[in-house]
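> Sharing a model that was predicted from the sequence below.
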Amino acid sequence: MQFFDGFTLKLIMVVLMVFDHVAQFIPNTPYWFHWLGRLVAPIFFYLLVEGYEHTRNRNAYMMRLFKWEE
């Protein structure tokens, strides 16, 4: 049973990263804002693995991930 799709997870990651950036740049914010931001990395890695598993051409997928310019 799938609770969240990729787009929903990305929206959650954006919100969590906003909390982390608020804690980074605004003094006297609660420290748990950083904890929320640290949840983004495992979700990001999960989405990377899901994309790798469901692609047809894994070499092209890896090239897109590591390509720095358009």
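Perfect, I can see it now.

> Can you tell me, leaving aside adjacent residues, what's nearest to G37?
Using C-beta to C-beta, 6 or more residues apart in numbering and skipping the chain neighbours, the partner closest in space to G37 is D20 (2.2 Å). All C-beta atoms are positioned from the backbone trio N, CA, C, and that covers glycine.

> what's the neighbour count on the one you found?
Number of residues near D20 (other C-beta atoms under 10 Å) recorded here: 17.

> Next, the contact list for M13, please.
40, 43-44 (C-beta atoms under 8 Å, 6 or more residues apart in numbering).

> would you turn the residues you listed into a markdown table with pLDDT and distance to M63?
Below are these laid out as a markdown table (pLDDT from 0 to 100; distance: C-beta to C-beta, whole Å):
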| residue | pLDDT | distance to M63 |
| --- | --- | --- |
| V40 | 94 | 24 |
| I43 | 92 | 23 |
| F44 | 92 | 19 |
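
> Point out the ones among those residues that are inside helices.
Counting by DSSP state H, the part of these found in helices is 40, 43-44.

> Of the residues you listed, which is the nearest to F3?
I43 (12.8 Å; C-beta to C-beta).

> about what we covered before: TSV for the ones in helices among the contacts of M13, including neighbour count?
Output for the ones in helices among the contacts of M13, formatted as TSV (neighbours: other C-beta atoms under 10 Å):
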residue	neighbour count
V40	18
I43	15
F44	14
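
> mind giving me TSV with those residues and columns for distance to P30?
Putting the ones in helices among the contacts of M13 into TSV (distance: C-beta to C-beta, whole Å) gives the following:
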residue	distance to P30
V40	17
I43	21
F44	23
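
> ok, so of these, who is nearest T55?
Comparing the ones in helices among the contacts of M13 against T55 with C-beta to C-beta places F44 closest, at 16.8 Å.

> Excluding residues flanking it in the chain, which one is nearest that closest one?
The shortest distance from F44 to any non-neighbouring residue, by C-beta to C-beta, 6+ apart, is to M13 (6.7 Å).

> if I look at that neighbour, how far off is R56?
Remark: distance between M13 and R56 (C-beta to C-beta, to the nearest Å) = 25 Å.

> how far is whichever helix in the chain runs longest from where the chain is centred?
Of all segments of type helix in the chain, defined using DSSP H, the longest is helix 6-25. Centroid separation between helix 6-25 and its chain, computed with C-alpha atoms, centre = their mean, to the nearest Å, is 8 Å.

> Good, we can wrap up now.
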